[in-house]
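Colleague: Prediction below, plus the sequence it came from.
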Amino acid sequence: MKYTHVLPLAIIALLVACTDTTGISAESRKGPHPDTNANAVVVVHEFGDLQCPACRAAHSKVVAPLLEKYGNTIRYEFKHFPLRAIHPHALVAAEAAECAADQDTSHFWEFVDIAFERQPEMNRETIFAWAEELGLDMDHFGRCMKSHIKKDVVMMDHAEGQEVDVKGTPTFFVNGQKVESTIEAISAAIEEALAQVQQKL
């Protein structure tokens, strides 16, 4: 009886180990948002959860306007902070976004956009449907998801968030300094950072 739970876990581990990961990277390939400046000295990080309603609102009401206004002068990056206790599909969605990025950096951001846009419909089946809708190679995507090879990079983002005292999502940082999650506060922090750069020139 004591082996009842050991066998299924062992089988699961073997199945994962046997998944073909050819062409799939264990690292993140998402990169900065393509509408921002990868070489900018002002960096905006968002720790977010793809199933978080507040993140969904921030995506359209905070992030989009910021990218439109400051796209050429900031580097914007999204870091995963799935709140698994309250959002059961958040980790799977984060892994899916990373699997999409393996095929092209732009696919990461396209997946994030569709995940927030259709967040109320999110479940494992719709996540795969969104990937197909984006025109991803579904064999590649399916193998990536089955292997869970991206879980570690997602959880590395999460651990980084914990180290900088992220308590919930969304949480924004401008050049490493936590700021209130409003367009006004983030804009002010960006302007201050840009002014500091100008003073040093």
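Modeller: Yep, it's here.

Colleague: Flag the shaky bits of the chain, pLDDT-wise.
Modeller: 1-19, 201 (pLDDT under 70).

Colleague: at 50 instead, please
Modeller: 1-16 (pLDDT under 50).

Colleague: Need the contact partners of the host helix or strand of Gln199.
Modeller: In this assignment (DSSP states H and E), Gln199 forms part of helix 183-200. Residues from elsewhere that reach helix 183-200 (C-beta atoms under 8 Å, 6 or more residues apart in numbering): 41-42, 44, 61-62, 65-66, 69-70, 73-74, 172, 174-175, 177, 179-180. Heads up, the C-betas are built off the backbone N, CA and C, glycines and all.

Colleague: mind listing which of the residues you listed are in strands?
Modeller: The members of these that map onto strands under DSSP state E are 42, 44, 74, 172, 174, 177, 179.

Colleague: burial measure for the first one, as a count.
Modeller: Yep, that's Val42 we're talking about. Number of residues near Val42 (other C-beta atoms under 10 Å) recorded here: 21.

Colleague: wait, it sits on Ile74?
Modeller: Yes - between Val42 and Ile74 there is a contact at 4.8 Å, judged by C-beta atoms under 8 Å.

Colleague: all helices in this structure, in order from the N-terminus.
Modeller: All helices of the chain, identified by DSSP state H, fall at 6-17, 53-58, 64-70, 90-103, 105-117, 124-133, 138-147, 151-163, 183-200.

Colleague: With mean neighbour count and distance to Arg84 as extra columns, can I get those helices in JSON lines?
Modeller: Converted to JSON lines, the helices of the chain look like this (neighbours: other C-beta atoms under 10 Å; distance: least, C-beta to C-beta, whole Å):
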{"stretch": "helix 6-17", "mean neighbour count": "10", "distance to Arg84": "18"}
{"stretch": "helix 53-58", "mean neighbour count": "19", "distance to Arg84": "14"}
{"stretch": "helix 64-70", "mean neighbour count": "16", "distance to Arg84": "27"}
{"stretch": "helix 90-103", "mean neighbour count": "25", "distance to Arg84": "6"}
{"stretch": "helix 105-117", "mean neighbour count": "20", "distance to Arg84": "16"}
{"stretch": "helix 124-133", "mean neighbour count": "17", "distance to Arg84": "14"}
{"stretch": "helix 138-147", "mean neighbour count": "18", "distance to Arg84": "17"}
{"stretch": "helix 151-163", "mean neighbour count": "16", "distance to Arg84": "9"}
{"stretch": "helix 183-200", "mean neighbour count": "14", "distance to Arg84": "26"}
